[in-house]
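Engineer: Provided below are the primary sequence and the corresponding predicted coordinates.
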Amino acid sequence: MSFWRNQLSGPTDPAVDAAWQDARPRKGFFTDTSICIGCKACEVACKEWNGVPEDGLDLLGQSYDNTGALGASTWRHVAFVEQTSERIEQARESGRRLVELGMPALRTRDDTSESPSSLPAGGAPPGPSDQGVPDVRWLMASDVCKHCTHAACLDVCPTGALFRTEFGTVVVQDDVCNGCGYCVAACPFGVIERRSGTEGHEKGRQSHGISIGGAGSDGSHQNAPAYAATNGEVKNVGIAQKCTLCYDRLRDDQTPACAQACPTTSIKFGDLEEMRDTARARVAELHQLGHTEARLYGTDEGDGVGGTGSVFLLLDEPEVYGLPPDPRVTTADLPDMFRKAGYAGLAMLGMAAAAFVGRRHP
Amino acid sequence: MAECHPVAYQWVTEARLKGATVIHIDPRFTRTSATADRHVPIRAGSDVVLLGALINYILSNDLYFKEYVVAYTNAATLVNEDFRDTEDLGGLFSGYDDELGNYDLTSWAYATKEGNGKIDDAQEAAEPHGHQQSEKSAGHRYGSGGPPLEHAEVLRDETLQHPRTVFQILKRHYARYTPEMVTEACGISAEDFDYVARAVTRNSGRERTTAFVYAVGWTQHTLGAQFIRTSAIVQLLLGNMGRPGGGIMAMRGHASIQGSTDIPTLYNILPGYLAMPVAGRHDTWDDYIGAIGSKRQKGFWANADTYAVSLLRAWWGKAATAENDWAFDYLPRLSGAHGTYQTTMAMLEDVVEGYFLLGQNPAVGSAHGRMQRQGLSHLKWLVVRDLNMIESATFWKDSPEIATGELRTEDIETEVFFLPAASHVEKAGTFTQTHRMLQWRHQAVQPPGDCRSELHFFHELGVRLRERLAGSTDERDRPLLDLTWDYPLDEHGEIDGEAVLKEINGYHVSGDKAGQLLDSYTEMRADGSTSGGCWIYTGVFGGGVNHAANRKPGREQSPTALEWGWAWPSNRRILYNRASADPEGRPWSERKRYVWWDEESSRWVGEDVPDFPADKAPSYRPEPGVGGPAGLAGDDPFIMQADGKGWLFAPKGMLDGPLPTHYEPQESPVRNPLYAQQSNPARKVFPRKDNLWSPSAGEPGADVYPFVFTTYRLTEHHTAGGMSRWLPYLAELQPEFFCEVSPELAEERGLENGGWATIVSARTAVEARVLVTERMTPLVIGGRTVHQIGLPYHWGVGREAVVSGDAANDLLGVALDPNVQIQESKAGSCDIVPGRRPRGEDLLRLVAEYQSRAGTTTMTGNELRTGQPDSTPDHTGD
Amino acid sequence: MDVKKTFLSWPVVRQATSGDFLGRGPAVTSARTRGLAPRTATADKVVQSVCPYCAVGCGQRVFVKDGQVVQIEGDPDSPVSRGRLCPKGSASEQLVNSPGRQRKALYRRPGGTEWEPIELETAMEMIADRFLESRRRGWQDTDENGRPLRRTMGIAALGGATLDNEENYLIKKLFTAAGAIQIENQARI
């Protein structure tokens, strides 16, 4: 029963588990935030490719981030975090403790020397450790759907709208989703969301629902809804939306739009195994340079979601970037429940099939 | 660079991953700083102090690349004994004319064997220097090489010991540019300076090279050209010019801004950096040819006559003959500066009646937006050609001046034509990118609706003008009627861009090869047997092939990628690359080998197209007195310079000094710590009631506008927003005009993050949302704290864009660099207060109240010479 | 209708027959999903172009379907950009196709309060007339010392840094021949 044991937690190959006869090597992203320049090309390239509508014209007052968070109309989100020396010290210290604990991410270089894409030495975040701690640093990180090994959104989807692709990624089928929203509550990362607004071309402004202290209640004239027509017309209103890891492009052996655009290769795309190896090599390299603040996120297959398909190298604790420190798939406790409900489910399945046959017969 | 040229920054990121050190020097901590090894905050406008101190550090510690400096620069050249340095004259060089407010350049000349040598060309020297000379735009004219010298017979002391060598002059000039002075003037700590100086010098020499990269904000100062000159001196001293990994890279901001300088839509030059003729200096063809490139000077500018004749033949074909001096008289003449700001003022005087705006939005993007919009309202007619309904097209109904009541829609008599433009995929043609590379774009689709390319529009306009003038006997219409204007049209009536590119490339028009395209500008002749619209582009269609369309994938060729696009001149990717080899023609080091002399084939070979006569041996020495390319010695790598050398000291060409010297910005919160002379004495000022300035430090009223503001771009937008604020995907990323302030300034002024602030300059006031950020660092300058405020300038007031807002450029006044007539927009003085700005007439009252408190008058800031007992006011600008 | 085929394609049946017992994989894919192909693959043609924003000169691939641009992305062949684009370059498709883009010629008469539509042909005629009138009024044959100027101060232009070399060439050529000298662009701003 090992198949069943690994369906909701622990390491596994999700595409094989989903019974893809022609399962492909699992694909994923490695986002190396230490070389992100915060240009937001990923946000735009994603929207261009996927026809994701504009998501609000408010200045958020959160450094250069006016996107706010991932959501139905934001599938890539670049966070901007400004820190002063005290916090940088803390990040370095908390990272040092992780190193001492021997986190799985911290392999030695020898372990990863076979990695085909290991990075050359030398690159480091600003303020190399031998020069002490800088006065200020500006962290930038592009967030995206994690394409979890154990994806709660998929597991709770009652319509089959969410499915596991042959690449091991998790994709919503717009034409199947009925907008029930179970997935929205299930996602431990707050990624998936139903799209709000009105179908068609937008005329008015959308809002993040985030208000800024000091802004006049009448809004600024900057935001007058003068000409807010988008060519990404608003569609799929009410439907759950998120990153597809450019499923259509993957089927044609193309790189996802965000990774292809990324000027500095902060967003890397490839076979997940290779992505994980690259990530481990990079963090080891940064540690050797004294950047103990560097750490990996999502590479641990023993974590609460069985590891993620999108892995990250961070320079501070995950919370700093708005990421949950210990994500746990909300369906991890389901097996027990599932066994109990199993027979009833199978019975229903049989009835439904009979009904189908009956209906189609004249 | 990460901020405004993110894709180019991939190479910096990759270099850094390989161990390169990246230092970012900028008033603000930007996205570049975030990924650099060190960010060094600097007070806006103090760059010459920092770089001058670097020069001093290099010279004092003997860290210059001696062999390179002696052989390839003018360090050993002796300067005229009449020359006096700023050290001797309180911040001025010899030759300053108090009355005219400009320099006579004669005393800066090289010394010659005859004694006190004259190097000005005969025409220029004969002409009394003065108003006209000071208003020329020298910088752009020399865009492709140095200014002319009469000849290249100079005196040299290769021991560099003679007190009048450039080397010794340089030492004396920068002796007071010390690390302490850097701290005092720039607000940069001694530790930071030491880090920069060590990093740059350690990484230069035979085995290593250092590159300087700047964005063109560096040019936007009243001594902007001298900022770049200073870095050129550093790079020459360190041997970083003409070598891989070295150089000074201008990261230009528009797709073809390099192209629009090479083939200029600029008043002062003709294609290929040939000067526009100036009345009184170039009245005859002989005057003109003598002035643009003496046959007795070294290098390829000595052939300027062949370039000029070929251009005139391209434009006027058979009507350009030897008898009529190649139709030289068809060219209109300049009589001073006719730059964009002078043009705006001419609109206000109702001289300019009609104006074309071609993909440009001056109501938002030019300095002093108020003056720009007022100027537009004086026009009889305006043609706006753009993709989107920009603010410059709608000023008559929604400009800030309508809101204040200064303008009334019904009273504005300007006729406005809005003609939609074709986008980059709807037409075929070339851009010339920042690295001088031409890339051909193939047409993907037809333009929609009424959208048309500029090629189509101007061809059509020309056809119509010529139809209307047909049969005219008026001599002034001859240039239009004789113009070569027969271009093949496709089935959509669009003219064939390749036909135009071929005309630019040039043809043999007579002889055996008549009708064939030129392969190289060296084939051009001054006898009318060749044509060519822009000599530096000759070869782009060499062999009849459009090399701009070359597209061999980068991964299939060497890093130089010579088979992708085509770079002028002659497809060279690094200029002056002869300097990558030592005087004997051997690579300075194996690691940095690039172009070298191959004994076996007796030719220059390497990774690039050698930038040198291909078969001229390193040991070659010309006979004395030989000019032109033949006059170049085998170790004269700077082949466009009149003496073949890199110029540490500019004996000619710079209008505000042969050596960069620190002067304060037009508006500054501090006194010049180096000289009694406060600001650039040769800068161009315009004393006018609509162009008032804040008093600078030490003057009464200076505390009314106590803070420094600097303007800039963001990654998410493009200049004045015409191509970004109309796009929802970009608009949402940076939806509002904001100002960046330090927590200290926020505390001092009661500003809240996310709240509103009003920023007041001596011109106007604007409102912006506030971002309080540790990335802004208050600097201690001369013992007092100087706060800097950052203002991205992408927004404008109007109703058509997806996002709009007050325009930062409205705060700016107009004061110009004398060399290139570019405005100072990177440093200004202002006040900042919490809350939104007043509406309507109240805005004018607020601005007037500030002006009154500061006691500013039209003369404030406009005295060119300061700190001198005989200080006299300037009258040149009005 | 082929009932058997339809039945067998029904998710629940596929769930049972494909081994995808939990209905998380191929069993639940819709016909649309199974037929998914990227529009970069279905385009009629791909055209090599160059980004119109800054001066770096990143290569672009323009995908065209039925005479419309359907996608613009980085050109991996370019040794300048290696297929990458910044946010502006990535938004190029929107620059071309945005409904906010102006596609019709407009005219504002002196003192007018609104735009009026105008035929392109009419506008061209009017502009040509005005060009010659202003050229004439602003004409200067000589300066105060009698030296030739042969120019007009009545007409000026601003722009060129976003245009093609060929376009700048025609502008400079035509203006110079007409005697108009006040031609400028962003390079001096």
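Structural biologist: Right, received. Where do you want to start?
Engineer: can you give me the helices for chain A?
Structural biologist: Using DSSP state H, the helices of chain A run over A:2-5, A:14-17, A:41-50, A:85-101, A:109-112, A:152-156, A:182-186, A:247-250, A:257-261, A:272-288, A:334-360.
Engineer: for chain C, what's the longest helix?
Structural biologist: helix C:120-137.
Engineer: Show me what residue of the stretch 1-150 of chain A gets nearest to chain C.
Structural biologist: residue A:18 (2.8 Å; Cβ to the nearest Cβ). (Glycine included, C-beta is placed from N, CA and C.)
Engineer: That residue contacts residue A:164, doesn't it?
Structural biologist: Yes: at 3.9 Å, residue A:18 counts as touching residue A:164 under the criterion of Cβ atoms under 8 Å.
Engineer: Overlap of the contact sets of the two?
Structural biologist: C:24, C:25 (Cβ atoms under 8 Å, 6 or more residues apart in numbering or on different chains).
Engineer: Geometric centre of the chain: which residue is closest?
Structural biologist: Answering for chain A, as no chain was given. residue A:145 (2.2 Å; Cα atoms, centre = their mean).
Engineer: Wait, chain C was what I had in mind.
Structural biologist: Using Cα atoms, centre = their mean, the most central residue of chain C is residue C:96, at 4.0 Å.
Engineer: Tell me where the stretch 201-350 of chain A has strands.
Structural biologist: With DSSP state E, counting those that start in this stretch as the criterion, the stretch 201-350 of chain A has strands at A:240-241, A:267-271, A:295-297, A:310-314.
Engineer: With respect to residue B:290, which of these lies nearest?
Structural biologist: Evaluated with Cβ to Cβ, those place strand A:267-271 nearest to residue B:290, the distance being 58.9 Å.
Engineer: State the distance from residue B:578 to residue B:501.
Structural biologist: For residue B:578, the distance to residue B:501 (Cβ to Cβ, to the nearest Å) stands at 29 Å.
Engineer: after the lengthiest strand in chain C, next one along is what?
Structural biologist: Under DSSP state E, the strand in chain C containing the largest number of residues is strand C:148-158. Counting by DSSP states H and E, the next helix or strand C-terminal to strand C:148-158 is helix C:165-178.
Engineer: Could I get the full set of strands for chain C?
Structural biologist: Counting by DSSP E, the strands of chain C are C:45-50, C:59-65, C:68-74, C:106-108, C:116-117, C:139-142, C:148-158, C:180-184.
Engineer: what about chain C, any weak spots by pLDDT?
Structural biologist: Applying pLDDT under 70 to chain C flags the ranges C:1-18.
Engineer: Spell out which parts of the stretch 151-300 of chain A neighbour chain C.
Structural biologist: A:154-155, A:160-166, A:171, A:173, A:175-176, A:201, A:227, A:229-232, A:246-249, A:251-252, A:254, A:257, A:260-263 (Cβ under 8 Å from any Cβ of the partner chain).
Engineer: re the thing from before, deepest of the strands of chain C, which one?
Structural biologist: Comparing the strands of chain C by mean neighbour count (mean count of other Cβ atoms under 10 Å in any protein chain shown), strand C:180-184 comes out on top with a mean of 27.
Engineer: is chain B contacted by that strand?
Structural biologist: Yes: counting by Cβ under 8 Å from any Cβ, chain B has neighbours in strand C:180-184: C:180, C:181, C:182, C:183, C:184.
Engineer: wait, what's in contact with the third one?
Structural biologist: The one in question is residue C:182. B:267, B:338, B:343, B:346, B:352, C:153, C:155, C:156, C:157.
Engineer: So which of these is the closest to chain A?
Structural biologist: residue C:157 (27.4 Å).
Engineer: Quick one: neighbours of residue 68, just the number.
Structural biologist: By default, I'm working from chain A. Residue A:68 has 18 neighbours, counted by other Cβ atoms under 10 Å in any protein chain shown.
Engineer: oops, I was thinking of chain B
Structural biologist: 27.
Engineer: and what of residue B:282?
Structural biologist: Residue B:282, neighbours per other Cβ under 10 Å, totals 24.
Engineer: next one: the one 10 residues further on
Structural biologist: As a burial measure, residue B:292 scores 22 neighbours (other Cβ under 10 Å).
Engineer: can you tell me which residues contact the residue lying closest to it once chain neighbours are set aside?
Structural biologist: For residue B:292, ignoring the flanking residues on the chain, the nearest one in space by Cβ to Cβ, 6 or more residues apart in numbering or on different chains is residue B:304 at 4.5 Å. Neighbouring residues of residue B:304 by Cβ under 8 Å, 6+ apart: B:274, B:289, B:292, B:293.
Engineer: Now render the contacts of residue C:182 as a markdown table, adding distance to chain A.
Structural biologist: Formatted as a markdown table, the contacts of residue C:182 follow (distance: Cβ to the nearest Cβ, whole Å):
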| residue | distance to chain A |
| --- | --- |
| B:267 | 35 |
| B:338 | 36 |
| B:343 | 30 |
| B:346 | 33 |
| B:352 | 31 |
| C:153 | 37 |
| C:155 | 32 |
| C:156 | 29 |
| C:157 | 27 |
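Engineer: measure the residue nearest to the centre of chain C to residue C:75 for me?
Structural biologist: Distance from residue C:96 to residue C:75, by Cβ to Cβ: 16 Å.
Engineer: likewise residue B:154?
Structural biologist: Residue B:154 is 49 Å from residue C:75, by Cβ to Cβ.
Engineer: Between those two, point out the one with more neighbours.
Structural biologist: More crowded of residue B:154 and residue C:75, by other Cβ under 10 Å: residue C:75, with 25 against 22.
Engineer: Report the contact partners of the residue nearest to that one when sequence neighbours are not counted.
Structural biologist: Spatial nearest neighbour of residue C:75, excluding adjacent residues (Cβ to Cβ, 6+ apart): residue C:59 at 3.1 Å. Contact analysis of residue C:59 by Cβ under 8 Å, 6+ apart lists B:439, C:48, C:49, C:50, C:51, C:74, C:75, C:77, C:78, C:80, C:81, C:83.
Engineer: Domain-wise, how is chain B divided?
Structural biologist: Domain segmentation of chain B under automatic domain parsing yields B:340-424+B:447-476, B:684-854.
Engineer: what's the closest of those domains to chain C?
Structural biologist: Across the domains of chain B, closest to chain C is domain B:340-424+B:447-476 (Cβ to the nearest Cβ), at 3.0 Å.
Engineer: Let me see the contact set for the closest residue in space to residue B:434 that isn't next to it in sequence.
Structural biologist: Residue nearest to residue B:434 in three dimensions, not counting chain neighbours: residue C:55, with 3.7 Å by Cβ to Cβ, 6+ apart. By Cβ under 8 Å, 6+ apart, the contact list for residue C:55 reads B:5, B:251, B:252, B:253, B:254, B:255, B:256, B:257, B:258, B:433, B:434.
Engineer: how close does residue C:55 get to residue B:767?
Structural biologist: 32 Å.
Engineer: Okay, now the unreliable bits of chain B?
Structural biologist: B:114-146, B:150-152, B:868-878.
Engineer: For chain A, what is the nearest residue in it?
Structural biologist: Counting by Cβ to the nearest Cβ, chain B gets nearest chain A through residue B:755, at 2.8 Å.
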